[in-house]
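> make a model of this:
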Amino acid sequence: MIDICSIYDGELPLLISVPHDGCHLPKELQGRMTRIGLAVPDTDWHVAELYDFARDLGASMLIANYSRYVVDLNRSASDEVLYPGQLVTGLCPEQTFSGEDIYSAGGVTEQEKAERISKYWQPYHARIDAVLAAMRSKHGYALLWDAHSIPSVVPRLFDGELPELNIGTNDGRSCAAAFEAAVVNAAKAGPYSIAVNERFKGGHITRHYGNPGDSIHAIQLEIAQRAYMDEATTAFDAEKAGRLRETLSRMLQAFLDAAGERA
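This next block holds a predicted model:
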């Protein structure tokens, strides 16, 4: 069996979570899925590769290996709605972002959902808990960066074209204001369009773990995929990615520096 997630331990008080880069599907699901479902089009393509430089900086990384179609690690186990009034894909999606069926017949039963939570969701979140606790014990605080990407245009989910860098802190509740400001200023120094707490405010991971009063600060970054890949083919673009990594490196360093100054 493929590991639920890949783990890389670093020395810095920074964990980069990559919950939607996984493409694997359990064999028992594949026979029930449609052609489009098997293609896992809503994957956050190449995000782990994009952030591979962070391991050299000393950050820890946690990377999911299974598709979000198995279970969405950035939704709560209770499947509560993150954005009231907007279309939601849910904890165990049955349709793609484009509205196409993931399963050829039937959907996901409550029993299946519970099994997936136990087998895939809980181990990922248990690891986040353990890493953040260890960081806070060692450094006095912990930083969580939830790394995502999405096609630039998804008409069913949002209007128009997304900015390239979409920063979310749950409207300032998941991290200290000074830390958010430092990251935003670092992003502004680059060539990319930016939004802060607009369409993407942070999913369950950012909202659940980010607790400045408990010395845990969380930020989600949703990247429009045109910034580092060919959206038509999903191919990684090394030249684009190299430019983007410069900005991402500044943003991560700003996060670390702001926290270090506060500490």
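> could you use CA atoms for every contact and neighbour count after this?
Noted.
> what segments of the stretch 51-200 of the chain are helices?
Assignment of helices within the stretch 51-200 of the chain using DSSP state H, counting those that start in this stretch yields the ranges 53-57, 110-116, 122-139, 177-188.
> with mean pLDDT, mean neighbour count and distance to F236 added, can I get those helices in JSON lines?
Listed next are these as JSON lines, based on pLDDT from 0 to 100; neighbours: other CA atoms under 10 Å; distance: least, CA to CA, whole Å:
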{"stretch": "helix 53-57", "mean pLDDT": "95", "mean neighbour count": "16", "distance to F236": "15"}
{"stretch": "helix 110-116", "mean pLDDT": "96", "mean neighbour count": "13", "distance to F236": "30"}
{"stretch": "helix 122-139", "mean pLDDT": "98", "mean neighbour count": "15", "distance to F236": "26"}
{"stretch": "helix 177-188", "mean pLDDT": "98", "mean neighbour count": "18", "distance to F236": "22"}
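> could these go into JSON lines alongside distance to L157?
Shown next, in JSON lines, are those (distance: least, CA to CA, whole Å):
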{"stretch": "helix 53-57", "distance to L157": "30"}
{"stretch": "helix 110-116", "distance to L157": "24"}
{"stretch": "helix 122-139", "distance to L157": "26"}
{"stretch": "helix 177-188", "distance to L157": "24"}
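> so which of those helices is nearest I167?
Of all the helices of the stretch 51-200 of the chain, helix 177-188 sits nearest to I167, with 7.8 Å by CA to CA.
> touching, Y103 and L38? I think so.
No - the pair Y103 / L38 is not scored as a contact, 9.1 Å apart, by CA atoms under 8 Å.
> for the helices of the stretch 51-200 of the chain, which one sits closest to S215?
Using CA to CA, the helices of the stretch 51-200 of the chain put helix 122-139 closest to S215, at 7.3 Å.
> give me the residues contacting the closest one.
The contact list for helix 122-139 (CA atoms under 8 Å, 6 or more residues apart in numbering) reads 4-5, 12-15, 62, 64, 73, 141-144, 215-216.
> can we see that at 7 Å?
The contact list for helix 122-139, computed with CA atoms under 7 Å, 6 or more residues apart in numbering, reads C5, P13, Y141, A142.
> next, count neighbours for E28.
When neighbours are defined as other CA atoms under 10 Å, E28 has 8 of them.
> one more: H217?
By other CA under 10 Å, 28 other residues sit near H217.
> verify the stated contact: it with R207.
No - at 9.9 Å, H217 does not count as touching R207 under the criterion of CA atoms under 7 Å.
> quick one, strands of the chain?
Assigned by DSSP state E, the strands in the chain fall at 5-8, 14-18, 60-64, 142-150, 165-168, 194-196, 216-224, 229-230, 235-236.
> with mean pLDDT and distance to W45 added, can I get those in CSV?
Output for the strands of the chain, formatted as CSV (pLDDT from 0 to 100; distance: least, CA to CA, whole Å):
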stretch, mean pLDDT, distance to W45
strand 5-8, 97, 16
strand 14-18, 98, 11
strand 60-64, 98, 12
strand 142-150, 98, 7
strand 165-168, 98, 16
strand 194-196, 98, 20
strand 216-224, 98, 11
strand 229-230, 98, 8
strand 235-236, 98, 8
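> and these as a markdown table, adding distance to W121?
Supplementary listing: the strands of the chain in a markdown table, determined by distance: least, CA to CA, whole Å:
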| stretch | distance to W121 |
| --- | --- |
| strand 5-8 | 10 |
| strand 14-18 | 13 |
| strand 60-64 | 10 |
| strand 142-150 | 16 |
| strand 165-168 | 22 |
| strand 194-196 | 28 |
| strand 216-224 | 19 |
| strand 229-230 | 28 |
| strand 235-236 | 27 |
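> select, out of those strands, the one closest to R32.
strand 60-64 (22.1 Å).
> the closest one vs strand 14-18, what angle?
Interaxial angle, strand 60-64 versus strand 14-18 (axes from the mean of the first three to the mean of the last three CA atoms, to 10 degrees): 10 degrees.
> in this protein, which residue sits furthest out from the middle?
Distance from the centre of the chain peaks at A105, with 29.1 Å (CA atoms, centre = their mean).
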